[in-house]
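Novice: Need a 3D model of the following:
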Amino acid sequence: MLSCRQLISSRLFQLRKKSILARVRASDYVEVLEEQGDLLKYPQVWLRDNCQCAECFHAATKARRSHWERGPLNVEVSQVTYNPEKKQLDIIWQDEHKSTFDLGWLRERDFGESTRKRYLEQVYKPSAQLWGKSEFKTVRREFQYQDVIQEDAVLKDWLEALAIQGFAILKGAPNDINVTKHLAKRIGYIKRTTYGDVFEVKSKPNAGNYAYLMTPLPLHTDMPYYEYKAGINILHTLVQSESKGGANTLADGFNVASQLQKLHPKDFEILKTVPVNWVDIGHDGNDSKPFHSLWRAPVICLDVDGRFTRINQNTTKRDSRFSVPLEQVVSWYKAYNKFLEIAQAEAVEFKTQAGDVFVFNNLRMLHGRTAYEDAPGNKRHLVGAYVDWDIIYSKLRTLKFPNAIA
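Specialist: Numbering: from 1, shown residues only. As a prediction, this is how the structure comes out:
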């Protein structure tokens, strides 16, 4: 006697539109053969888990209603048909539950490689465009501050530039100490840190941070000592030093890591796996609360898809405590030296002027500053703020796909 599964697999459900074919496979899949020859294939368990009926899905909140105890592992498809007028797939399950799936909705969720790749690059995160010193002029993007504030299309282009090239410069910002706050609010929410909602980069007596000195600032990323590291750095130049110093330095940390991987794979593996203690201890001014921030992470971090996701580099914030086995220490220093050699060779230098806002991906870009000297008539004053990438990507998606919210 044939089992229920064998009976289902032996049945071929011919659709009224002969050029479209749907069937249930014994291997737990439902297949839809489209007229152009594309085969869409979906696990039965996934279809039941994503049933769009009112009993299973709350449309107003776009959320699945949780009834896992009713299945979906132990309930199989009993019948599948296609409605050509409504362009939808109708399924009846063995427990007599009914599911309906729009064919367009299914296509967007196809498990094929091209659909998955398109979703990851267009919806999840745009792919980074790596660049070196020779490509800097071609990847440099400039926008007008007022256009970003007032026009959604320009805001979208600016955020995409930050996601793809890793940095951009806004021109024509007013002489207003709140410019960074306005930009953060335009995106979503500011990230508050131990240095406040905003921070001022200028020479300060009794400086609580190395950036507040007039000495050269080596290439680094901000706050590697935070588990939830600040996403972008917004630096508004209020006053620029008239001296030769005070110029910005910048290198694409992802490109540096990529070059290290190609040219020195063993060093790359070390910097990808050996954790470093990043630390920040002190207070930001006499009235601030003391802090002791500490996070352990490698210099080079990858995401679950194997793509570069975060660079940690800040020589001034590397703890003298190196909590790794003794035999890893010397090889780490040699690998670290190679990384910095490439970074310095690929670094560019430019100088922002009053009214410029330099914004960059703090998870990716290594930035620094040349030395400068303040005098009574020659000051350098920047105002900075941070925004997290979770907030930026969310804003970018609402601009790119407004109908998804409706």
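Novice: Then Lys272 would be within a helix, right?
Specialist: Yes. With DSSP: H, G, I helix; E, B strand; the rest coil as the criterion, Lys272 is located in a helix.
Novice: which ones are touching it?
Specialist: For Lys272, the contacting residues are Pro298, Val299, Ile300, Cys301, Leu302, by CB atoms under 8 Å, 6 or more residues apart in numbering. The way it works is simple: take the backbone N, C-alpha and C, and place the C-beta from them, glycine included.
Novice: Could you list the buried residues of the helix or strand where Glu160 lies?
Specialist: For Glu160, the element it lies in under DSSP states H and E is helix 152-164. Buried residues in helix 152-164, defined by neighbour count with 16 or more other CB atoms under 10 Å: Leu155, Lys156, Asp157, Trp158, Leu159, Glu160, Ala161, Leu162, Ala163, Ile164.
Novice: now stretch 194-201
Specialist: Under 16+ other CB under 10 Å, the buried positions of stretch 194-201 are Thr194, Tyr195, Val198, Phe199, Val201.
Novice: which phi and psi does the last one have?
Specialist: As for Val201, its main-chain torsions (degrees, to the nearest 10) stand at phi -100, psi 100.
Novice: Next, find the distance separating it from Pro218.
Specialist: Val201 is 15 Å from Pro218, where distance means CB to CB, to the nearest Å.
Novice: what sits against the residue lying closest to Tyr372 once chain neighbours are set aside?
Specialist: Excluding the flanking residues, the one nearest Tyr372 by CB to CB, 6 or more residues apart in numbering is Gly245, at 3.2 Å. For Gly245, the contact set (CB under 8 Å, 6+ apart) comprises Met214, Thr370, Ala371, Tyr372, Glu373.
Novice: Pull up the gap between Gly245 and Arg380, please.
Specialist: In terms of CB to CB, Gly245 sits 8 Å off from Arg380.
Novice: same deal with Lys400?
Specialist: Separation of Lys400 from Arg380 (CB to CB): 37 Å.
Novice: out of the two, which sits in the more crowded spot?
Specialist: Neighbours were counted for Lys400 and for Arg380 using other CB atoms under 10 Å; Arg380 has more, 21 against 14.
Novice: so that one touches Val239, yeah?
Specialist: Yes. Using CB atoms under 8 Å, Arg380 is in contact with Val239, at 6.3 Å.
Novice: ok, now how distant is Asn314 from His220?
Specialist: 4 Å.
Novice: Among these two, which residue is more densely surrounded?
Specialist: It is His220, of Asn314 and His220, that has more neighbours when counted by other CB under 10 Å, with 26 against 20.
Novice: Assign Trp332 to helix, strand or coil.
Specialist: Following three-state DSSP, the label given to Trp332 is helix.
Novice: show me the contacts for the spatially closest residue to it that is not a sequence neighbour.
Specialist: Of all residues not flanking Trp332 in the chain, Val274 sits nearest, at 5.0 Å (CB to CB, 6+ apart). With CB under 8 Å, 6+ apart as the criterion, the residues that contact Val274 are Pro298, Val324, Gln328, Trp332.
Novice: distance of Val274 from Asp319?
Specialist: Counting by CB to CB, the gap from Val274 to Asp319 is 14 Å.
Novice: so where's the stretch 301-406 of the chain shaky on pLDDT?
Specialist: Low-confidence segments of the stretch 301-406 of the chain, defined by pLDDT under 70, span residues 374-378, 405-406.
Novice: all helices for it, in order.
Specialist: In the stretch 301-406 of the chain, the helices defined using DSSP state H, counting those that start in this stretch lie at 326-346, 389-400.
Novice: hey, where'd the helices end up in the stretch 51-200 of the chain?
Specialist: For the stretch 51-200 of the chain, the helices defined by DSSP H, counting those that start in this stretch occupy 103-108, 113-119, 136-139, 145-150, 152-164, 179-187.
Novice: export the ones you listed to TSV and tack on distance to Asp356 and mean pLDDT?
Specialist: Compiled in TSV, the helices of the stretch 51-200 of the chain are given as follows (distance: least, CB to CB, whole Å; pLDDT from 0 to 100):
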stretch	distance to Asp356	mean pLDDT
helix 103-108	41	95
helix 113-119	36	95
helix 136-139	16	97
helix 145-150	9	98
helix 152-164	14	98
helix 179-187	10	98
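Novice: if we can go back for a sec, from Thr315, how far out is the residue nearest to Tyr372?
Specialist: Distance from Gly245 to Thr315, by CB to CB: 19 Å.
Novice: burial of Gln44, as a residue count?
Specialist: Residue neighbour count, defined by other CB under 10 Å, stands at 23 for Gln44.
Novice: same check, this time on Glu327
Specialist: Around Glu327 there are 7 other residues, counting by other CB under 10 Å.
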